[in-house]
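Colleague: sequence below, structure please.
(chains A and B)
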Amino acid sequence: MADDSTNQGIPEPEGAADLIETDYEIGQDNVEGNVGPFGFDIHNPVFMISGLSIVAFVFYALALPDQATAVFSWLFSSVTKGFDWFFLGAANIFVLFCLFLIVSPFGSIRLGGADATPDYSYVGWFAMLFAAGMGIGLMFFGVSEPMSHFSSSLGGTTVEDGVRTDWAPLGAAGGDEVAAQRLGMAATIFHWGLHPWAIYAVVALALALFTYNKGLPLTLRSAFYPIFGERVWGWTGHIIDTLAVFATLFGLATSLGFGAEQAASGLTYLYGSGDAAEGTRAFLGIPYGNTEESGVANSGTLLVLLISAITAVALISVVRGLDGGVKVLSEINMGLAGLLLIFVFFVGGPIFLLTLFFDSLWAYLQNLIPLSNPFGREDVNFSQGWTSFYWAWWISWSPFVGMFIARVSRGRSVREFLICVLLIPSMVCVLWMSVFGGTAINQVVADGYTQAKDAALELKLFYMLDPLPLATITSTIGIVLVIVFFVTSSDSGSLVIDTITAGGKVDAPVSQRVFWCIFEGAVAIVLLVGGGLASLQSAVISTGLPFTLVLLVMCWAIFRGLQSERS
Amino acid sequence: MFSKIMVPVDISHPGQLTRALTAAADLGRHYGAEVCYVAVTSSAPGTLGHTPDEARGHLAEFSEAQAAAHGHRACCHLALSHDPAVDLDRTLLAAIEETGADLVVMASHVPGWADSFTGSHGGHLAAEAKVSVFVVRGE
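Modeller: The predicted structure follows:
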């Protein structure tokens, strides 16, 4: 038994169960009742505070759009530029920590107890964690990001007043196409490989450990028990949970808004007059060489209809539940994405792409250390505008994705969990980026086809598919994938928000998750129509800064938690 | 006529179960049947307990208390579900097979207008179960 007087942390396990002894009963702070025929079971005060603060932020963004944009842009810029060293350094720690756990004896500890069996098969589990985690991003950046880094690397470096003004990674590769391709692929894989998945893995492992092995409720605050002790059930925990709800809902709502714009662009490109090729806003506000907003070609009505349709499908999915809805959609989507990948692989030149895959992987490993170096970087635009932005973005999404992964990961050993959440998705990303990005780069280098290179961000995928056979069919599959990946993020996000605002109860009335799903769609529509998506997204990404601290603390909590399991 | 009576229970809200529990106990005594109390929970910590084992313990206590109070034979069964809020009906249908029950006695609320769209758990079970289902309305 640990000495609680010297350590507010985890008591050593007693007997067969390793539960944390706490007087807190799950649901004890909840308020139950009915609104008309609909029941509710919500945590007081997390539900009210998060709901009201979200409404207040939306009103602020709508009522004072210029001020909100200025404030949040300043915040966003200060966070990603001023704390780039912090994001880069912290992300390195997360990767090293996960790799350490894989090879350490802690790896054999099973989530849910020594005799626990996995809740889901590998296929269903993997599909769900991938669909929630980054499916949608791969659709948009699979072609565009390798292409961007390739172009900027090829352009070489430019220096003004002693400061690099180009967007190329590291030392660029001016004029050398082969070197530029290798550097471009390495930089892309760096942003989609080990680091983002390590961020998700840390949050997911902390939550799974403290839920399934320590018996604490499935909410973010539980991972802080080793640090704050019983205080996590008070305002300290309320703030942590509210921040998580805030980041998740706005992250989803802003993505839903931008995603609808891009799906609409794709539809207009395929079936409309082609005006949408002029481009809409950049997906998720990615800082892209040119950041000015081009004319939005999509009519508001189409966008509102798309968001409503995505929300409606997400609604059906959450009402059908984890097994009947979320898992089924995730598996369908992974199957479709797999087919698209195989198709592009074979028509894009299998031998070339296979060679590129291994070459890109090697380039990634060669450049991993310089790319992840947090200090003294010369490529400031790249390391602050791309890497630091990405890390803040992944981290602000990590409460949502991490909690969802935790929910479906009971029964896995720590080693199995980390290999499947860290290494396998990273490899899938390498493969995806190599096939989609590699095909597009090859179109430029070998065929002189530059349409994909010159297209707006959200249309690059479609222009890359265009010269390949069956372009209409594959582009349609692309749009379906984009939309369904949004649905799978939206439904799993609603489940996560519902669980947090129900104090960790996973059996709260279904009407609550319906409420959050509709609320999320409504916020997206209001922000899209009224303006303010971009400014609120800056606010969301800025939450990456406090969450980075939270994640560092989680590493310590995981270590303490696993230590007590071992003993 | 009946040898095993399954009674789905949410033991965190025992007040809503009184009539169904009494009806099940009376039937159990009348037919000499064993009454099996079934609770559904997820593997995540919940109101029933921090782990499935703890939840099973609480359910067993509940079952023993019912047997002592009403004088019938009792057993209990904990059914696990990934998403109990949604999969309750499916899990209970599976529990009928797992327990080998030949009668279900289940508490249900008085239907309101929303039940025209969503229906009640008792209603779903009565519609789909192969065994007899006795839906007991609240007071």
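Colleague: for chain B, which residues are neighbours of chain A?
Modeller: B:12, B:41-47, B:50-51, B:53-54, B:82-87, B:112-115 (C-beta under 8 Å from any C-beta of the partner chain). Every C-beta, even on glycine, is put in place using the N, C-alpha and C of the backbone.
Colleague: which of the residues you listed count as buried?
Modeller: Among these, the ones that count as buried by 16 or more other C-beta atoms under 10 Å in any protein chain shown are B:41-47, B:50-51, B:54, B:82-87.
Colleague: for the residues you listed, work out which two are farthest apart.
Modeller: B:Glu54 and B:Val86 (23.2 Å; C-beta to C-beta).
Colleague: quick one on the thing from earlier: the residues of chain B next to chain A in strands, which ones?
Modeller: B:Thr41 (DSSP state E).
Colleague: which helix in the chain runs the most residues?
Modeller: No chain was given, so I picked chain A. helix A:235-271 (DSSP state H).
Colleague: not quite, go with chain B.
Modeller: Max-length helix for chain B by DSSP H is helix B:52-70.
Colleague: next helix or strand past it?
Modeller: strand B:74-80 (DSSP states H and E).
Colleague: in that next one, what counts as buried?
Modeller: Buried residues in strand B:74-80 (16+ other C-beta under 10 Å): B:Ala74, B:Cys76, B:His77, B:Leu78, B:Ala79.
Colleague: and those, which is closest to chain A?
Modeller: B:Ala79 (12.4 Å; C-beta to the nearest C-beta).
Colleague: the closest one contacts B:Val38, correct?
Modeller: Yes. Counting by C-beta atoms under 8 Å, B:Ala79 touches B:Val38, with 6.1 Å between them.
Colleague: nearest residue to residue 138 other than its sequence neighbours?
Modeller: Defaulting to chain A. Closest residue to A:Leu138 apart from its sequence neighbours, by C-beta to C-beta, 6 or more residues apart in numbering or on different chains: A:Trp432 at 5.3 Å.
Colleague: please refer instead to chain B.
Modeller: Nearest to B:Gly138 is B:His109, by C-beta to C-beta, 6+ apart, at 5.7 Å.
Colleague: since we're on B:Val110, how many residues are nearby?
Modeller: 9 (other C-beta atoms under 10 Å in any protein chain shown).
Colleague: residues contacting it?
Modeller: B:Arg137, B:Gly138 (C-beta atoms under 8 Å, 6 or more residues apart in numbering or on different chains).
Colleague: hang on, it in a strand?
Modeller: No. Under DSSP: H, G, I helix; E, B strand; the rest coil, B:Val110 falls outside any strand and is assigned coil.
Colleague: from A:Val510, how far out is it?
Modeller: Between B:Val110 and A:Val510 the computed distance is 20 Å (C-beta to C-beta, to the nearest Å).
Colleague: and for A:Leu99?
Modeller: Taking C-beta to C-beta, one finds A:Leu99 at 40 Å from A:Val510.
Colleague: contact residues of the stretch 201-350 of chain A facing chain B?
Modeller: So far as C-beta under 8 Å from any C-beta goes, the stretch 201-350 of chain A lies against chain B at A:211-212, A:215-218, A:319-325.
Colleague: test my guess that B:Glu98 contacts B:Cys75.
Modeller: No. Using C-beta under 8 Å, B:Glu98 is not in contact with B:Cys75; the gap is 11.7 Å.
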